[in-house]
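S.K.: predicted coordinates and the sequence they were generated for:
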Amino acid sequence: MKKGLIKILTLVLSTWTLVFSSCAKNDEILYNGSVVEWDGATYNARSSGKEYTLFTRVPLYGGAVNNNQPLLTRKSGTVKLRVNLVGTHRAAATEISYRVVDTETTAVAGTHYTTDNKVVIPANSSFAEVEVKILDAGAAAGVKTLVLELTGNTEILPSNRHKQIGLSINQQ
């Protein structure tokens, strides 16, 4: 009797285990769109009260900025900011536009910085580099802020969460 009960329980538990732990077919989830984003904004937190990351140190590619990075100053020279294409690579080079956010920017173009308003992501690539040349306008008190916003193009829009990035440039 006892052996029969053990066999029945073993059979029931084995069947139950097979039925409830077998593999189920999962739907394949594919992202078919494309967006662009600032690489530095994906690795670093937004600044307090802002909708963007504000760097006080030279940003890194593919990682968070740390205290070992040099401070952004009027003598920093050219700072490179990487733009990421999230989505399928393009067969041809793709031009992406960006703009200066006037309401957040205190730096003056031609006095504190120079930059273009577009960058080209090469064919079959996920990245492009925006160059911002920090100009030495002479020693002054305080900081100048430059905020850039990706605007994309007719086919590729910017990521809502990572479309803006800022540089806080010490003027001393």
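M.R.: Nice, I can see it. Keep in mind it's a predicted model, so treat the numbers as computed, not measured. Numbering: from 1, shown residues only.
S.K.: tell me how many other residues surround the residue lying closest to D39 once chain neighbours are set aside.
M.R.: Leaving out its chain neighbours, the residue that sits closest to D39 by CB to CB, 6 or more residues apart in numbering is R82, at 3.8 Å. Using the backbone N, CA and C atoms, a C-beta is placed for each residue, glycine as well. Neighbourhood size, R82 [other CB atoms under 10 Å]: 19.
S.K.: surely R82 is within a strand?
M.R.: Yes: under DSSP: H, G, I helix; E, B strand; the rest coil, R82 sits within a strand.
S.K.: give the helix, strand or coil label for L5.
M.R.: helix.
S.K.: quick revisit: which residues touch the residue nearest to D39?
M.R.: Contacts for R82 were tallied using CB atoms under 8 Å, 6 or more residues apart in numbering; they are 38-40, 61-62, 127-130.
S.K.: next one: V83
M.R.: 36-39, 96, 98, 119, 121, 127-130, 150.
S.K.: again, only this time at 6 Å
M.R.: By CB atoms under 6 Å, 6 or more residues apart in numbering, V83 lies in contact with 36, 119, 128.
S.K.: want to throw the residues you listed into JSON lines with distance to S14?
M.R.: Converted to JSON lines, these look like this (distance: CB to CB, whole Å):
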{"residue": "V36", "distance to S14": "53"}
{"residue": "V119", "distance to S14": "61"}
{"residue": "A128", "distance to S14": "57"}
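S.K.: got a winner among those residues for most neighbours?
M.R.: Neighbour-wise, the contacts of V83 (other CB under 10 Å) top out at V36, 27 neighbours.
S.K.: that residue falls within a strand, correct?
M.R.: Yes: according to three-state DSSP, V36 belongs to a strand.
S.K.: any low-confidence regions in the protein?
M.R.: The chain contains residues with pLDDT under 70 at 1-3, 16-24.
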